[in-house]
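Engineer: I need the structure of the sequence given here:
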Amino acid sequence: MRYVLLSIFIILVSSPSFSMQWQCQSAGGWTLDTQGRATQLPSDPNDNFIIAFVPPNKMQILQSTDPLDPEMYKFLSWVQQGNVFHGTGIFTMGGVTFNASETLTDNYSTSTAIVTGHPELLAAMGRNTCRRIQ
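Structural biologist: Okay, here's the model as predicted:
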């Protein structure tokens, strides 16, 4: 019985509802096309999301205005160094492969992607303002 209670406690403590959470909002970014031209992307006040750390190495989208966020985050593996989280992963969506990374702090996140298989896009970088909410 003691092991059953301990197992239930571990599952509850490691669930997203009890983990570290951040609320983030777009702060813009850049793309790089196949001709080497950089294009600045404006911040979007309607682009926001809430993510939660799920031990040992995942982030889960709890809320998002972008339907692609959950797809991207499920492929990233995360490492915590102090109060900073670093996520990396490779995934393919719609025939395009992304070598993605993200750094998340209690104040901001910065995402980068090297893109292969897209006829016009080579790389992208996005910034978000974030705040820790749990």
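Engineer: which residues of this protein fall in strands?
Structural biologist: Remark: strands assigned in the chain by DSSP state E are 21-33, 38-41, 48-54, 58-64, 77-81, 84-93, 96-104, 108-116, 121-132.
Engineer: Could you say which of those is packed most deeply?
Structural biologist: Across these, the average number of neighbours (mean count of other C-beta atoms under 10 Å) peaks for strand 48-54, which reaches a mean of 20. For glycine as for every other residue, the C-beta is placed from the backbone atoms N, C-alpha and C.
Engineer: which residues touch Thr39?
Structural biologist: Neighbouring residues of Thr39 by C-beta atoms under 8 Å, 6 or more residues apart in numbering: Trp30, Thr31, Leu32, Asp33.
Engineer: average model confidence for stretch 111-121?
Structural biologist: Mean pLDDT, computed over stretch 111-121, is 97.
Engineer: thinking again about what came up before, can I get the contacts of Thr39 in CSV with pLDDT?
Structural biologist: As requested, the contacts of Thr39 are arranged in CSV below (pLDDT from 0 to 100):
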residue, pLDDT
Trp30, 98
Thr31, 98
Leu32, 98
Asp33, 97
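Engineer: Looking at those residues, which is nearest Asn128?
Structural biologist: The shortest approach to Asn128 among these belongs to Trp30, at 13.7 Å (C-beta to C-beta).
Engineer: how close does that closest one sit to Leu104?
Structural biologist: Plainly put, Trp30 is 19 Å away from Leu104 if you go by C-beta to C-beta, to the nearest Å.
Engineer: for Met20, same thing?
Structural biologist: Distance from Met20 to Leu104, counting by C-beta to C-beta: 10 Å.
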